[in-house]
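Novice: generate coordinates for the sequence data below:
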Amino acid sequence: MTEPELASYRMPNGLEVACVSQSEAAALYQEIFVQRCWLDGGVRLSDGDTVVDAGANIGLSTLFFHHERRNVRLLSFEPAPIPFLALRRNVAAHGVSATCRPVALGSSAYHTTMTYYPGVTAMSGLYAEPRGDAQVTGTYMRNCGFHEEDIADIVPDEYQADPIEVEVRTLSAEVAQAGLGRIALLKIDVEKSEIDVLKGIDSRTWDLVDQVVIEVHDLGGALRTVCETLSAEEFTVRTWQQPLMRGTGIHSVAGNRGER
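Specialist: Below you'll find the predicted structure:
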């Protein structure tokens, strides 16, 4: 079977990456490398740390962690096949010490249908809603300073949505399979599946985790549930909203155990 053709994007920091869309890669670069969104909230990394990247997409977050400190080891998850191909290529091209897994994470093990957005792959997910997700993108672009006529030209009223079959596994099963010990940072960016991911973490796995940073879509009280879950696991919790996410209902949550 012939692999799909990927685009290439040279980021402003000089790194060239495989991607599905150059414009999407440029936006992700701004969030991850310029705004350093995953190391806000008091999150810190050290040389030799292990990071779990749940929702890696094409791998820019994985690359960021790799370049942030020396000898960082990663376990990265991306269920959508085309972004996973880009993730795998980027890890290989840049010598990242990462195990890449083509599975979604959830509260139990099963197979299901995921909604994949070819035009904006990072918003794909198990709970995608094409019209609402397009509205979120429009709000994000307004916060970035785009004019309404430009947004109307770029963002459709409803995203094209393609169903794809994916395997779902629990994070605890994946961590055990990978033989991980201490996890310095668990990063979760899974487009409305964040509570499912947390439900798939057993007490033994929680004991391995020092820090957590999560993008939370605050639907049905999700933000409160995430904060309560982390507090129950004895994390000190901080919440905030990135300026570009203002008005979207998307918040950031960090949990830190301190010195152990």
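
Novice: for A104, which non-adjacent residue is closest in space?
Specialist: Closest residue to A104 apart from its sequence neighbours, by Cβ to Cβ, 6 or more residues apart in numbering: P79 at 4.0 Å. Every C-beta, even on glycine, is put in place using the N, C-alpha and C of the backbone.

Novice: quickly find the element holding A18.
Specialist: Here A18 sits within strand 16-19, counting by DSSP states H and E.

Novice: send the alpha carbons of that strand over as PDB?
Specialist: The C-alpha trace of strand 16-19 is given here as PDB (Å, rounded to 0.1, in the frame of the first residue of the first chain):
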ATOM      1  CA  GLU A  16      12.000  21.100   8.800                       C
ATOM      2  CA  VAL A  17       9.100  18.900   9.600                       C
ATOM      3  CA  ALA A  18       6.700  16.600   7.700                       C
ATOM      4  CA  CYS A  19       3.100  17.800   8.000                       C
END
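
Novice: now it: buried residues?
Specialist: Neighbour-count burial for strand 16-19 flags 17-19 (criterion: 16 or more other Cβ atoms under 10 Å).

Novice: any idea how far the host helix or strand of T115 is from the chain center?
Specialist: T115 is part of strand 110-116, with elements assigned from DSSP H and E. Distance of strand 110-116 from the chain centroid (Cα atoms, centre = their mean, to the nearest Å) equals 17 Å.

Novice: residues in contact with the worst-scoring helix or strand of the chain on mean pLDDT?
Specialist: Lowest on mean pLDDT, DSSP states H and E among the helices and strands of the chain sits helix 148-154, with a mean of 79. Helix 148-154 is contacted by residues 138, 141-142, 146 when judged by Cβ atoms under 8 Å, 6 or more residues apart in numbering.

Novice: now render those residues as CSV, adding secondary structure.
Specialist: Putting the contacts of helix 148-154 into CSV (DSSP: H, G, I helix; E, B strand; the rest coil) gives the following:
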residue, secondary structure
G138, helix
M141, helix
R142, helix
F146, coil
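
Novice: just the buried ones among those, please.
Specialist: Using 16+ other Cβ under 10 Å, the buried members of the contacts of helix 148-154 are 138, 141, 146.

Novice: nearest residue to the second one other than its sequence neighbours?
Specialist: When you say that, I think you mean M141. I151 is the one closest to M141 (Cβ to Cβ, 6+ apart), at 5.0 Å.

Novice: neighbours of that neighbour, how many?
Specialist: 16 (other Cβ atoms under 10 Å).

Novice: again with Q177
Specialist: 12.

Novice: assumed it was part of a helix.
Specialist: Yes: Q177: assigned to a helix according to three-state DSSP.

Novice: and it, what does it touch?
Specialist: Per Cβ under 8 Å, 6+ apart, neighbours of Q177: none.

Novice: S46 too?
Specialist: Applying Cβ under 8 Å, 6+ apart to S46 gives the contacts 69, 184.

Novice: now it: how far from H94?
Specialist: Distance, S46 to H94, using Cβ to Cβ, to the nearest Å: 20 Å.

Novice: H66 too?
Specialist: Counting by Cβ to Cβ, the gap from H66 to H94 is 7 Å.

Novice: do F84 as well
Specialist: 16 Å.

Novice: one more: D210?
Specialist: For D210 relative to H94 (Cβ to Cβ), the value is 25 Å.

Novice: more crowded one of these two?
Specialist: D210 (20 against 16).

Novice: surely E31 touches A25?
Specialist: No: counting by Cβ atoms under 8 Å, E31 does not reach A25; the two are 11.0 Å apart.

Novice: now do the end-to-end distance for stretch 196-211.
Specialist: 18 Å (Cα to Cα, to the nearest Å).

Novice: tell me where the model's unsure across the stretch 51-200 of the chain.
Specialist: For the stretch 51-200 of the chain, not a single residue meets the criterion pLDDT under 70.

Novice: what about the helices in it?
Specialist: 60-68, 81-93, 130-143, 148-154, 171-178, 194-199 (DSSP state H, counting those that start in this stretch).
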